[in-house]
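Participant: Pasted the sequence and its predicted model underneath.
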Amino acid sequence: MPDFDFHQNLLLEDSRVLLRPLVREDDDVLAPIALADKDIIRFSPRQIHTPELLQQYIQDALHGKASAVRYPFIIFDKSTQEYAGSTSICAVSNFDKRLEIGYTWYGKKFQRTGLNRHCKWLLLNYAFDTLQFERVEFKIDERNTISQTAVHRLGATKEGILRSHTVMSDDFRRNTVYFSILKHEWEQLKPNFPLY
(Lines give C-alpha, C1' and ligand atoms only; values in the text may rest on other atoms or scores of the structure.)
Protein backbone atom coordinates (compact mmCIF):
# COMPACT_ATOMS: atom_id res chain seq x y z
CA MET A 1 0.00 0.00 0.00
CA PRO A 2 1.38 3.44 -0.92
CA ASP A 3 2.34 6.11 1.60
CA PHE A 4 1.25 9.69 1.14
CA ASP A 5 4.08 11.58 -0.59
CA PHE A 6 4.32 15.31 0.13
CA HIS A 7 6.72 15.78 -2.81
CA GLN A 8 4.33 14.52 -5.47
CA ASN A 9 2.49 16.75 -7.93
CA LEU A 10 -0.98 15.51 -6.98
CA LEU A 11 -3.86 16.41 -9.29
CA LEU A 12 -7.37 15.25 -8.44
CA GLU A 13 -10.30 15.97 -10.74
CA ASP A 14 -13.71 14.94 -11.93
CA SER A 15 -16.21 16.53 -14.30
CA ARG A 16 -16.90 19.42 -11.90
CA VAL A 17 -13.68 20.29 -10.09
CA LEU A 18 -9.88 20.25 -10.32
CA LEU A 19 -7.70 20.18 -7.23
CA ARG A 20 -4.09 21.09 -7.95
CA PRO A 21 -1.20 21.93 -5.63
CA LEU A 22 -1.28 25.47 -4.25
CA VAL A 23 1.66 27.66 -5.31
CA ARG A 24 2.89 31.04 -4.09
CA GLU A 25 1.58 32.86 -7.16
CA ASP A 26 -1.99 31.73 -6.42
CA ASP A 27 -2.53 34.78 -4.24
CA ASP A 28 -3.43 36.62 -7.46
CA VAL A 29 -6.36 34.34 -8.29
CA LEU A 30 -7.47 33.81 -4.69
CA ALA A 31 -7.39 37.49 -3.71
CA PRO A 32 -10.71 38.46 -5.36
CA ILE A 33 -12.46 35.72 -3.35
CA ALA A 34 -10.59 36.11 -0.07
CA LEU A 35 -10.74 39.90 0.08
CA ALA A 36 -14.43 40.11 -0.84
CA ASP A 37 -15.68 38.88 2.52
CA LYS A 38 -14.05 39.54 5.90
CA ASP A 39 -15.89 36.56 7.41
CA ILE A 40 -15.05 34.06 4.67
CA ILE A 41 -13.12 31.88 7.11
CA ARG A 42 -14.47 33.29 10.36
CA PHE A 43 -14.11 29.93 12.12
CA SER A 44 -10.50 29.35 11.03
CA PRO A 45 -7.53 30.12 13.27
CA ARG A 46 -5.94 32.17 10.43
CA GLN A 47 -7.62 34.92 8.42
CA ILE A 48 -7.24 35.83 4.72
CA HIS A 49 -9.29 39.01 4.16
CA THR A 50 -6.35 41.35 3.39
CA PRO A 51 -3.55 40.93 0.82
CA GLU A 52 -1.03 40.54 3.63
CA LEU A 53 -3.07 37.95 5.52
CA LEU A 54 -3.69 35.97 2.33
CA GLN A 55 0.02 35.97 1.44
CA GLN A 56 0.85 34.82 4.97
CA TYR A 57 -1.80 32.09 4.74
CA ILE A 58 -0.30 30.79 1.49
CA GLN A 59 3.23 31.05 2.87
CA ASP A 60 2.20 29.05 5.97
CA ALA A 61 0.47 26.45 3.77
CA LEU A 62 3.57 26.02 1.61
CA HIS A 63 5.80 25.84 4.69
CA GLY A 64 3.51 23.09 5.97
CA LYS A 65 3.99 21.24 2.71
CA ALA A 66 7.77 21.60 2.88
CA SER A 67 7.61 20.30 6.46
CA ALA A 68 5.41 17.34 5.41
CA VAL A 69 2.50 18.31 7.66
CA ARG A 70 0.05 19.80 5.14
CA TYR A 71 -0.59 19.37 1.41
CA PRO A 72 -2.56 22.41 0.21
CA PHE A 73 -4.66 22.52 -2.95
CA ILE A 74 -6.30 25.30 -4.90
CA ILE A 75 -9.86 24.51 -6.05
CA PHE A 76 -10.89 25.20 -9.65
CA ASP A 77 -14.60 25.06 -10.48
CA LYS A 78 -14.90 23.71 -14.03
CA SER A 79 -18.55 24.72 -14.33
CA THR A 80 -17.74 28.43 -13.92
CA GLN A 81 -14.10 28.27 -15.07
CA GLU A 82 -13.06 30.08 -11.88
CA TYR A 83 -10.87 29.44 -8.88
CA ALA A 84 -13.13 28.88 -5.91
CA GLY A 85 -11.00 28.45 -2.78
CA SER A 86 -8.62 26.03 -1.11
CA THR A 87 -8.48 22.76 0.83
CA SER A 88 -5.74 20.56 2.27
CA ILE A 89 -4.71 17.08 3.26
CA CYS A 90 -3.04 17.32 6.66
CA ALA A 91 -2.21 15.45 9.87
CA VAL A 92 -1.04 12.50 7.78
CA SER A 93 0.13 9.36 9.56
CA ASN A 94 1.31 6.82 7.01
CA PHE A 95 2.00 4.34 9.81
CA ASP A 96 -1.52 4.61 11.23
CA LYS A 97 -3.09 4.95 7.76
CA ARG A 98 -5.01 8.09 8.61
CA LEU A 99 -5.22 11.69 7.45
CA GLU A 100 -7.31 14.80 7.92
CA ILE A 101 -9.14 16.86 5.33
CA GLY A 102 -9.11 20.47 6.47
CA TYR A 103 -8.30 24.12 5.87
CA THR A 104 -11.23 24.15 3.44
CA TRP A 105 -12.80 27.41 2.32
CA TYR A 106 -14.80 28.65 -0.67
CA GLY A 107 -15.91 32.01 -2.00
CA LYS A 108 -19.54 32.83 -1.23
CA LYS A 109 -20.75 32.21 -4.79
CA PHE A 110 -19.38 28.64 -4.68
CA GLN A 111 -20.97 27.69 -1.37
CA ARG A 112 -24.02 25.39 -1.47
CA THR A 113 -23.48 24.63 -5.16
CA GLY A 114 -22.34 21.01 -4.77
CA LEU A 115 -18.69 21.95 -5.33
CA ASN A 116 -17.66 20.96 -1.80
CA ARG A 117 -19.15 17.49 -2.21
CA HIS A 118 -17.16 16.95 -5.39
CA CYS A 119 -13.97 18.02 -3.61
CA LYS A 120 -14.68 15.73 -0.67
CA TRP A 121 -15.47 12.85 -3.05
CA LEU A 122 -12.08 13.24 -4.74
CA LEU A 123 -10.18 13.49 -1.45
CA LEU A 124 -12.02 10.61 0.23
CA ASN A 125 -11.66 8.41 -2.83
CA TYR A 126 -7.94 9.17 -2.93
CA ALA A 127 -7.50 8.47 0.79
CA PHE A 128 -9.45 5.22 0.88
CA ASP A 129 -9.19 3.76 -2.62
CA THR A 130 -5.73 4.92 -3.73
CA LEU A 131 -3.82 5.11 -0.44
CA GLN A 132 -5.90 2.38 1.21
CA PHE A 133 -5.96 4.42 4.41
CA GLU A 134 -8.21 3.34 7.27
CA ARG A 135 -9.44 6.68 8.63
CA VAL A 136 -10.16 10.23 7.47
CA GLU A 137 -10.73 12.95 10.04
CA PHE A 138 -12.43 16.36 10.03
CA LYS A 139 -11.99 19.03 12.74
CA ILE A 140 -14.58 21.81 12.98
CA ASP A 141 -15.11 24.78 15.28
CA GLU A 142 -18.04 23.93 17.55
CA ARG A 143 -19.70 27.24 16.59
CA ASN A 144 -19.60 26.34 12.88
CA THR A 145 -22.88 24.45 12.66
CA ILE A 146 -23.08 24.78 8.86
CA SER A 147 -19.81 22.89 8.33
CA GLN A 148 -20.78 20.31 10.94
CA THR A 149 -24.04 19.67 9.10
CA ALA A 150 -22.22 19.41 5.76
CA VAL A 151 -19.70 16.89 7.07
CA HIS A 152 -22.44 14.88 8.76
CA ARG A 153 -24.35 14.73 5.45
CA LEU A 154 -21.25 13.23 3.83
CA GLY A 155 -21.65 10.31 6.22
CA ALA A 156 -19.03 11.26 8.81
CA THR A 157 -19.54 10.26 12.43
CA LYS A 158 -19.28 12.86 15.19
CA GLU A 159 -16.82 11.50 17.72
CA GLY A 160 -16.66 14.18 20.36
CA ILE A 161 -15.57 17.66 21.38
CA LEU A 162 -12.10 18.75 22.45
CA ARG A 163 -12.59 21.67 24.81
CA SER A 164 -10.48 24.85 24.62
CA HIS A 165 -8.59 23.17 21.80
CA THR A 166 -7.42 25.87 19.36
CA VAL A 167 -6.50 29.55 19.70
CA MET A 168 -8.22 31.72 17.10
CA SER A 169 -6.90 34.92 15.51
CA ASP A 170 -8.84 37.01 18.05
CA ASP A 171 -7.37 34.94 20.95
CA PHE A 172 -10.68 33.12 21.51
CA ARG A 173 -10.10 29.49 22.50
CA ARG A 174 -12.46 27.38 20.44
CA ASN A 175 -13.88 23.97 21.16
CA THR A 176 -13.15 21.59 18.27
CA VAL A 177 -15.58 18.91 17.12
CA TYR A 178 -14.03 15.74 15.66
CA PHE A 179 -15.69 13.77 12.88
CA SER A 180 -14.38 10.75 10.99
CA ILE A 181 -15.10 8.27 8.24
CA LEU A 182 -13.56 4.79 8.38
CA LYS A 183 -12.59 2.67 5.38
CA HIS A 184 -15.34 0.09 5.86
CA GLU A 185 -17.86 2.93 6.19
CA TRP A 186 -16.60 4.46 2.95
CA GLU A 187 -17.31 1.22 1.14
CA GLN A 188 -20.96 1.59 2.18
CA LEU A 189 -21.14 5.37 1.60
CA LYS A 190 -19.42 5.47 -1.77
CA PRO A 191 -22.22 4.01 -3.99
CA ASN A 192 -24.70 6.63 -2.73
CA PHE A 193 -22.32 9.51 -2.04
CA PRO A 194 -24.28 12.78 -2.45
CA LEU A 195 -22.52 14.64 -5.28
CA TYR A 196 -25.42 17.03 -5.90
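Facilitator: That came in fine, so what should we check first?

Participant: State whether residue 138 and residue 151 are indeed in contact, as I suppose.
Facilitator: Yes. Residue 138 is in contact with residue 151 according to Cβ atoms under 8 Å; the separation is 5.0 Å. For every residue, glycine as well, the C-beta is placed using N, CA and C.

Participant: which parts of stretch 7-16 are buried?
Facilitator: When neighbours are counted by 16 or more other Cβ atoms under 10 Å, the buried residues of stretch 7-16 are found to be 10, 12, 16.

Participant: mind listing the strands for this structure?
Facilitator: 12-13, 17-21, 70-77, 82-93, 98-106, 135-141, 157-167, 173-182 (DSSP state E).

Participant: sorry, back to before: spell out which residues are contacts of both of residue 138 and residue 151.
Facilitator: Any residue near both residue 138 and residue 151 by Cβ atoms under 8 Å, 6 or more residues apart in numbering counts here, and that gives residue 179.

Participant: where does this structure dip in pLDDT?
Facilitator: Counting by pLDDT under 70, the chain contains low-confidence residues at 194-196.

Participant: Give me the nearest residue to residue 4, chain neighbours excluded.
Facilitator: Leaving out its chain neighbours, the residue that sits closest to residue 4 by Cβ to Cβ, 6 or more residues apart in numbering is residue 92, at 4.9 Å.

Participant: which residues does the one you found contact?
Facilitator: 4, 6, 68-69, 71, 98-100.

Participant: Please report how far the nearest residue to residue 173 once chain neighbours are set aside lies from residue 172.
Facilitator: Spatial nearest neighbour of residue 173, excluding adjacent residues (Cβ to Cβ, 6+ apart): residue 164 at 4.5 Å. Taking Cβ to Cβ, to the nearest Å as the measure, residue 164 falls 10 Å from residue 172.
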